[in-house]
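**Student:** quick one, what's the 3D model for this:
(3 chains)
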Amino acid sequence: MRSATAALHYVRRNISLAVGIVLLLALALFVGIGHLVVDTGKSRPLSAPAVRPPSAEHPFGTDRQGRDLLATMVAGTPLTLRIGFIAGFLGVGIGSLLGFVSAYYRGTVDTVIRGVVDIGLTVPGLLVLIIIAVSVKKGLTVDQMAIIVASLAWLNPARTIRAQVLSLRERGYVEVARLSGMSGPEIIVKELMPNLLPYLAATLVNAVSSAILASVGLEVLGLGPIDSPTLGMTLYWVNFNAALINGWWWWWSAPLAIILVVFLGLFFLTVGLDEIANPRLRRAV
Amino acid sequence: MRADYLARRVGVFVLIVWLAATLNFFLPRLSGQDPVRATLLQQASLGGHVQTGLEAMVKEYERRFGLDRPLWKQYVTYLRDVSRFDFNYSISSYPRTVNSIIAEAIPWTVGLLGITTVLSFTIGTLLGALLAWPGAPRWMRLLMPPLWALHAIPFFLLGLILMYLLAFRMQLLPMFGGYTAGAFPGLTLTFVGDVIAHSILPALSIVLVATGGWALGMRGMMVTTQGEDYVTFAEAKGLRRLTIFLRYCVRNAILPQTTALALALGNILSGAVLVEVIFGYPGVGTILFHAIRENDHFLIQGIVFTVIVALGVATLILDVLYPLLDPRISYRRT
Amino acid sequence: MRNLLVHYGTPLGAVTAADSVSFSLRAGERLGVVGESGSGKSTLALAILRMIKPPGRIDAGEVWLDGVNLLALSDEAMRQVRLARIALIPQGSMNSLNPVMRIKDQIADALRDHGLAPSRRQVEERVRELLESVGLRPEVADMFPHELSGGMKQRACIAIAISLRPRVIIADEPTSALDVVVQKQVMETLARVQKDLGASVILVGHDMGLMAQFVDRLGVMYAGRLIEVSPVRDIFTQPLHPYTEMLIASLPSLEQKGTFRGIPGLIPLLRDLPPGCAFHPRCPHAVDRCRAEEPRLREIRPAGWAACHLR
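**Tutor:** Residues are numbered from 1 along each chain as shown, chains lettered A, B, ... in the order given. This next block holds a predicted model:
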């Protein structure tokens, strides 16, 4: 209880963190309550009359294929987040493993990993993802989508974590641990990990955010899971049906608003976490 | 030492291009069947106006990549073609070649992205530097939250909002395309004005988002730089605040910004694919979108390869020029 | 120079980094200031230059130089004083030169910002002169800091510091992180230019050996307070303050090789100082008065000042 108040106290000072948490909590509430109240089955085409503006029956309106947009949002938001989280976790997991190994053992391993990461980061990610997505068979599932996005999501974490471990490695206590006979993996888990937790958290949020951005991008281009009502796919249909020119504002404003909340929430969360991980920036903001 | 440095950079460039080409070649084959062939055959079976071209294309494709030939032979042929920038015909708009389609789109994209990138870099870097200046007026701090918020939004989402507000509701600007349909392209004043009017919205959505990124990046670097020992010593030297600010803080903080600018300029072709798509702007992003829609594999591969080569060239130029900006670099690297 | 009297307190937020520090400095004199890290000696150097950064603040005190109270000057006037009257030689371990500017430009901008706008040729001439006076080759002018060794960089800093013939030079651990031979060269350079200029020097550091060789008088700082100021010879033979005594006793000497005795106990945290004399928890002679009342710096013997109740 005491730590809870202390945490609350801290959050009040770290405004970015607070804003991020509030935005994401609001989103979680929307989805949570939505799943209890709304029939997500209506997110399938032809379950409602087509192109209706918001009304009592369809609070967010309906689209041209007869999806209820409220149901689509309630069903689609977790799907989009799911892609982001799977890809983000995979990316940070693989990336930080490589980062740790690379920075801790140095030598040839480091040279190879660093080279691959450097080259990988120069190549525009969206294009590589496009090539991959075009190459695999049609009819992607949400999870396959996540894995495609994850195929590049480890690059950034690998670089960030490597740099952090390198700087930690120089500090005394790692040396002490090594002299006291701890093995490499043991030092990584017991000594380095705890110190890197705030960084790992910030990196993870960042990776989730980039993964969502990439997946929405692919989906808007028509390379997503065509049958799933994810936010990006909804925007694809918006574009496909020229909803904007036709004045069907409700069709795109709902997914747009939710995506905005997702990105802003994740962004402020990163800023807040950065502040924890890197107190030097604290006074500057 | 310099020659060594140069050789390494060129090596990296060649490596990147080769990797991109290889990826382009092998990825479609990983799925077991040959999707290019499948698409071609599928299109051919549909018949219609493209029929004649398709037959020629299938033949050409078979000649180059015939599945009866061993994989490495196909790969060698492919690499040879790619090194000559020969990407075959476009499947969806035969008999146009992939090259001619890309060549037509490039000026649009380079124009839009080139101007917006330089513009947002300039405004953002200035703003970021000012934000870190101790003498800056207080109200400037109020700019930070909106900059942050804008920066977190993807280009194309802001594009949608702007399009709705400025083009659809207020009808201030044209909402779609690169110029009014039916206008006769040429170097007349009306046409140029038309093009500019059409590019304001996509440009605005890029500039608004990107400026925030540059400003935050610059400000971060400035804060770091201001903590450096040489800034403290500069103050002890009794230098004017402006001298310290410009020659010790900005001068040093701008180095990483310049690197980022070069990379952004290299990314020009793929930087705003989605903005182009949303606004139907006739650039590389839009043709890529159509190519994806129509399964035009040759065109997709051509675009991706071109973009990566452009990026590689930009990186290479940066690597060659950077030692001029930062005297430490040529020594540090090699 | 007549009387330089420094007296001020500097609370850093709730932390007092330097409290009621007073001393005077005569023209041409070399004063040393020693103390453990965190004792406030670098704060002292920055405070004289009025370069304490927020959240730090100079709350009270006076710094008199030639009849002018520096703490009462306008910011612009203070800026003019820096380098022209009081110059800083930064710590040897720091990168105090801008890595992307040539050495000559880093000297030239100082000249220019102090209202000296001589022609390009005059600047080049002056730069060469200055470099020569610290024993650097003229080619160094066109080099970048990364092309110089640590000792050369430090001498370049000295060249900058003396470029306007200051009355006071503050050297903040100018030889830290330099090896012994280079250290000696740098100190010799410093001694020579000081003699040429007739300037006073405040040498801040923790190397008692270096102090013994270089300074005339030595001040000892503990927990943000100046606890003793005496001529350097007296300090080594007859220290007044128990802390100084222990500091000197802890020095490795030739007779007792390898028996380096530390001072028992830890230096107190500045934000959590004990009441009374800050040193009393570590002091072997502490009496009740030390725990209750803070001693003031007073003259105990001619030219020998200390802050201790027991003297």
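**Student:** low-confidence stretches in chain C?
**Tutor:** Residue ranges of chain C with pLDDT under 70: C:1-22, C:38, C:54-57, C:59, C:93, C:117, C:252-272.
**Student:** element containing the residue in it that chain B sits nearest to?
**Tutor:** Using CB to the nearest CB, the closest approach of chain C to chain B is made by residue C:82 at 3.3 Å. Backbone N, C-alpha and C define where each C-beta goes, glycine included. Using DSSP states H and E, residue C:82 sits within helix C:75-84.
**Student:** after that helix, next one along is what?
**Tutor:** Under the assignment DSSP H and E, the closest C-terminal helix or strand after helix C:75-84 is strand C:86-89.
**Student:** tell me how far that next one lies from the chain's centre.
**Tutor:** Distance of strand C:86-89 from the chain centroid (CA atoms, centre = their mean, to the nearest Å) equals 9 Å.
**Student:** and that strand, C-alpha only, in PDB?
**Tutor:** Once non-C-alpha atoms are left out, strand C:86-89 reads as follows in PDB (Å, rounded to 0.1, in the frame of the first residue of the first chain):
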ATOM      1  CA  ILE C  86      40.400  35.800 -13.500                       C
ATOM      2  CA  ALA C  87      41.100  32.900 -15.800                       C
ATOM      3  CA  LEU C  88      40.400  29.200 -15.300                       C
ATOM      4  CA  ILE C  89      42.600  26.300 -16.200                       C
END
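**Student:** quick check, it touching chain B?
**Tutor:** Yes - among the residues of strand C:86-89, C:87, C:88 lie within reach of chain B under CB under 8 Å from any CB of the partner chain.
**Student:** which outside residues touch that strand?
**Tutor:** Under the contact criterion CB atoms under 8 Å, 6 or more residues apart in numbering or on different chains, strand C:86-89 has outside partners B:233, B:236, C:45, C:48-49, C:65, C:70, C:82, C:154, C:157-158, C:160-162, C:164, C:166-172, C:174, C:190.
**Student:** again, 7 Å this time
**Tutor:** With contacts defined as CB atoms under 7 Å, 6 or more residues apart in numbering or on different chains, strand C:86-89 is touched by B:236, C:45, C:48-49, C:65, C:157-158, C:161-162, C:166, C:168-172, C:174.
**Student:** strands - which of the residues you listed land there?
**Tutor:** Those of those mapping onto strands are C:65, C:168, C:169, C:170, C:171, C:172, per DSSP state E.
**Student:** tell me, how many residues neighbour residue 45?
**Tutor:** If you meant another chain, say so; for now it's chain A. Per other CB atoms under 10 Å in any protein chain shown, the neighbour tally for residue A:45 reads 14.
**Student:** that answer is for a different chain, and I need it for chain C
**Tutor:** 24.
**Student:** show me what contacts it?
**Tutor:** By CB under 7 Å, 6+ apart, the contact list for residue C:45 reads C:88, C:170, C:172, C:204.
**Student:** so how far is residue B:85 from residue A:267?
**Tutor:** Distance, residue A:267 to residue B:85, using CB to CB, to the nearest Å: 40 Å.
**Student:** which residues in the stretch 101-250 of chain C form helices?
**Tutor:** Using DSSP state H, counting those that start in this stretch, the helices assigned to the stretch 101-250 of chain C run over residues C:103-113, C:120-133, C:150-161, C:180-197, C:208-214, C:232-237, C:242-249.
**Student:** so for chain A, which of the ones you listed sits nearest?
**Tutor:** Smallest distance to chain A across those (CB to the nearest CB): 19.5 Å, for helix C:150-161.
**Student:** counting contacts, what elements does the closest one pack onto?
**Tutor:** Helices and strands touching helix C:150-161, by 3 or more CB pairs under 7 Å, 6 or more residues apart in numbering or on different chains; DSSP states H and E, are strand C:86-89, helix C:103-113, helix C:120-133, helix C:180-197.
**Student:** got a markdown table for those, with mean neighbour count too?
**Tutor:** Compiled in a markdown table, the helices and strands packed on helix C:150-161 are given as follows (neighbours: other CB atoms under 10 Å in any protein chain shown):
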| stretch | mean neighbour count |
| --- | --- |
| strand C:86-89 | 29 |
| helix C:103-113 | 22 |
| helix C:120-133 | 16 |
| helix C:180-197 | 17 |
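**Student:** looking at the ones you listed, which is closest to residue B:174?
**Tutor:** When the helices and strands packed on helix C:150-161 are compared by CB to CB, helix C:103-113 sits nearest residue B:174, at 51.3 Å.
**Student:** tell me what angle that closest one forms with helix C:150-161.
**Tutor:** Calculated by axes from the mean of the first three to the mean of the last three CA atoms, to 10 degrees, helix C:103-113 forms an angle of 20 degrees with helix C:150-161.
**Student:** re the thing from before, what's the closest of the contacts of strand C:86-89 to residue B:301?
**Tutor:** Proximity of the contacts of strand C:86-89 to residue B:301 (CB to CB) peaks at residue C:157, which lies at 58.0 Å.
**Student:** which parts of the helix or strand that contains residue B:320 are buried?
**Tutor:** Secondary structure from DSSP H and E places residue B:320 in helix B:297-325. By 16 or more other CB atoms under 10 Å in any protein chain shown, the buried positions in helix B:297-325 come out as B:297-312, B:314-316, B:318-319, B:322-323.
**Student:** report the distance from stretch C:136-155 to the chain centre.
**Tutor:** Relative to the centre of its chain, stretch C:136-155 is centred 24 Å away, using CA atoms, centre = their mean.
**Student:** and the contacts of that stretch?
**Tutor:** With contact meaning CB under 7 Å, 6+ apart, stretch C:136-155 is reached by B:327-328, B:331, C:92, C:97, C:99, C:102-104, C:127-128, C:131, C:134-135, C:156, C:159, C:174, C:177-178, C:182, C:185-186, C:189.
**Student:** straight-line length of that stretch, end to end?
**Tutor:** With CA to CA, to the nearest Å as the measure, stretch C:136-155 spans 8 Å from end to end.
**Student:** if we can go back for a sec, which of the helices and strands packed on helix C:150-161 sits closest to residue B:16?
**Tutor:** Nearest of these (CB to CB): helix C:103-113, 37.4 Å.
**Student:** compute the inter-axis angle for that closest one and helix C:120-133.
**Tutor:** Interaxial angle, helix C:103-113 versus helix C:120-133 (the same axes, to 10 degrees): 120 degrees.
**Student:** helix C:103-113 near chain B at all?
**Tutor:** Yes - with CB under 7 Å from any CB of the partner chain as the criterion, chain B is reached by helix C:103-113 at C:109, C:110, C:113.
**Student:** the second one against residue C:160, yeah?
**Tutor:** Right, residue C:110. Yes - taking CB atoms under 7 Å as the contact criterion, residue C:110 and residue C:160 are neighbours in contact, 6.1 Å apart.
**Student:** common neighbours of those two, please.
**Tutor:** residue B:237.
**Student:** ok, the residue in chain B that chain C sits nearest to - how many residues close by?
**Tutor:** Closest residue of chain B to chain C, CB to the nearest CB: residue B:238 (3.3 Å). By other CB under 10 Å, the residues close to residue B:238 number 24.
**Student:** what sits closest to it if chain neighbours are left out?
**Tutor:** Nearest residue to residue B:238, sequence neighbours excluded (CB to CB, 6 or more residues apart in numbering or on different chains): residue C:82, at 3.3 Å.
**Student:** got the residues of chain B near chain C?
**Tutor:** Residues of chain B that fall close to chain C, judged by CB under 7 Å from any CB: B:229-230, B:233, B:235-240, B:243, B:247-248, B:251-252, B:326-328, B:331.
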